[in-house]
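Visitor: 3D, please:
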Amino acid sequence: MTQKKYYKLYSEIRTLILSGEYKAGDKLPSKRVMADKTGYSQITVATAYDILQSEGYITSLERSGYFVCKIDSFVGASNTEQKPFDKLSDVKVFADEDFEHSVWLKTVRKVVSDGDKRLFCKAPNEGCAVLRNAISDYLLRYRGMCANPKNIIIGSGSEQLYQSVVKILGRDKVFGIEKPCYAQIKAVYDSEGVKVRELSMGKNGIESAEIQKGGFDVLHVTPFNSYPSGITADVAKRYEYLAWAEKNSSYVVEDDFASEFFMPGHPIQSLYALDSRSSVIYINTFSKSLSPSMRVGYMILPDSLLDAYAKKQGIFSCSVPVLDQYVLAEFINSGNFERHLSRVRRKMK
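Guide: Okay, here's the model as predicted:
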């Protein structure tokens, strides 16, 4: 926004006073003389003088003019003085070349043009039914995972979902995490005030000795292509994780980040799909599969945790905008999401 002329003149005179160039008792030029000197109108000068007088920098004497006041407490220029700011810019822009942006924009236009009045309604706290249904259908169709839509909770990315897990299970639990692991996993648990136990990784997942040693109440794992190690746990290791949960009557948090990009052939079944005792909390997002800017994720809760969710987290509004949920649901239901995944997988071969 362009700075008002009177404010610019006010700032210039104020600076001259604070710098000592205009000393206490000095008489300022008359409005007419100041207008001629600066090129501003007399109205602009009068407004600037009025501001300076109201703030105590100058005083006026009838038929004598304006004089600079004594400012004993002056110790330096105030940090409220207007200065030009360095504007922020997105220096690095990472655009996913594999993502067909035109298809996404076409989907946005379709959803908006359909004029569904539900776009202007508050989303249920668990997320919009249209998206929860779409994810349920997609998981069964593409991943062979049977997830009831009522168990699917929408959130704005994995970090928020990690926080939800802590609130549901309780901060008194010790979380066992992979070492090394995605840094944000430990960062979120630390920020939530829960204890973590780092479990060393072998070539096939967490070392069996670490699991047997115990010392944790909840196990958080990334079975597929764990970051930064790149390790993928085979079926035997996955059953070992599930056996631990059964033995300890506890839960495994399955962080299924990037599992859609399995290679080659069909993916190893997720822990959720292998689980017969409802001991897996499944978490996934669209940040990797679609775009880092896509701040939408979801978790699948076992029936045994739905009441705890309702009491501890269900009171909070869904953090994903309704329009984003409807657009993503349409993108999935139209088949565009699976076509996108197949196209990316072909490029990876």
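
Visitor: give me the element the residue of the chain most remote from its centre is part of.
Guide: In the chain, counting by CA atoms, centre = their mean, Arg63 sits farthest out from the average C-alpha position, at 62.1 Å. Element membership for Arg63, per DSSP states H and E: none, as it lies in no helix or strand.

Visitor: and it, how far from Gly20?
Guide: Arg63 sits 28 Å away from Gly20, taking CB to CB, to the nearest Å as the criterion. C-betas here are computed from N, CA, C, even on glycine.

Visitor: how about Tyr7?
Guide: 22 Å.

Visitor: the two: which has the busier surroundings?
Guide: Taking other CB atoms under 10 Å, Tyr7 and Gly20 do not tie; Tyr7 has more neighbours (14 against 9).

Visitor: now do that one, the pLDDT please.
Guide: Here the pLDDT value assigned to Tyr7 is 85.

Visitor: so it belongs to a helix, correct?
Guide: Yes - assignment of Tyr7 by DSSP: H, G, I helix; E, B strand; the rest coil places it within a helix.

Visitor: and Ala187, how many neighbours does it have?
Guide: For Ala187, the count of nearby residues is 12 (other CB under 10 Å).

Visitor: right, I mislabeled it, should have said Arg109
Guide: Other residues close to Arg109 by other CB under 10 Å number 11.

Visitor: wait, is it part of a helix?
Guide: Yes - using three-state DSSP, the secondary structure at Arg109 is a helix.

Visitor: gap between it and Ser11?
Guide: For Arg109, the distance to Ser11 (CB to CB) stands at 47 Å.

Visitor: same check, this time on Lys23
Guide: For Lys23, the distance to Ser11 (CB to CB) stands at 19 Å.

Visitor: out of those two, which sits in the busier spot?
Guide: Here Lys23 and Ser11 are set side by side on neighbour count (other CB under 10 Å), and the busier one is Ser11, at 16 against 10.

Visitor: what residues sit buried inside stretch 195-212?
Guide: Judged by neighbour count (16 or more other CB atoms under 10 Å), stretch 195-212 contains these buried residues: Val196, Arg197, Leu199, Met201, Gly205, Ile206, Glu210, Ile211.

Visitor: just the CA atoms of that stretch, as CSV, please.
Guide: Taking Å, rounded to 0.1, in the frame of the first residue of the first chain, the C-alpha atoms of stretch 195-212 are listed here in CSV:
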residue,chain,number,x,y,z
LYS,A,195,8.5,-40.5,26.5
VAL,A,196,10.0,-42.3,23.5
ARG,A,197,12.3,-45.3,23.3
GLU,A,198,14.4,-45.4,20.2
LEU,A,199,14.7,-49.0,18.8
SER,A,200,17.6,-49.8,16.6
MET,A,201,16.9,-50.9,13.0
GLY,A,202,18.3,-54.0,11.4
LYS,A,203,18.3,-54.9,7.7
ASN,A,204,14.6,-56.0,7.9
GLY,A,205,13.1,-53.6,10.4
ILE,A,206,13.4,-53.1,14.2
GLU,A,207,15.9,-55.6,15.7
SER,A,208,14.1,-58.5,17.3
ALA,A,209,16.2,-58.2,20.5
GLU,A,210,14.9,-54.6,20.8
ILE,A,211,11.3,-55.7,20.6
GLN,A,212,11.8,-58.5,23.1
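
Visitor: what ranges does the stretch 51-200 of the chain have for its strands?
Guide: In the stretch 51-200 of the chain, the strands defined using DSSP state E, counting those that start in this stretch lie at 58-61, 65-68, 152-155, 174-179, 195-202.

Visitor: which stretch among these comes nearest Ser259?
Guide: With CB to CB as the measure, strand 174-179 is the member of the strands of the stretch 51-200 of the chain nearest Ser259 (15.3 Å).

Visitor: tell me the strands beside the closest one, with direction?
Guide: Paired neighbours of strand 174-179 in the sheet (DSSP bridges): strand 195-202 (parallel), strand 218-221 (parallel).

Visitor: quick one: the helices in the stretch 51-200 of the chain?
Guide: Assigned by DSSP state H, counting those that start in this stretch, the helices in the stretch 51-200 of the chain fall at 101-114, 129-138, 158-169, 183-191.

Visitor: same list (the strands paired with strand 174-179) but as TSV, adding distance to Phe331 and mean pLDDT.
Guide: Rendered in TSV, the data for those read as follows (distance: least, CB to CB, whole Å; pLDDT from 0 to 100):
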stretch	distance to Phe331	mean pLDDT
strand 195-202	35	96
strand 218-221	29	98
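
Visitor: number of residues surrounding the nearest residue to Asp324 once chain neighbours are set aside?
Guide: Ranked by CB to CB, 6 or more residues apart in numbering and with sequence neighbours excluded, the top spatial neighbour of Asp324 is Val296, at 6.3 Å. Neighbourhood size, Val296 [other CB under 10 Å]: 22.
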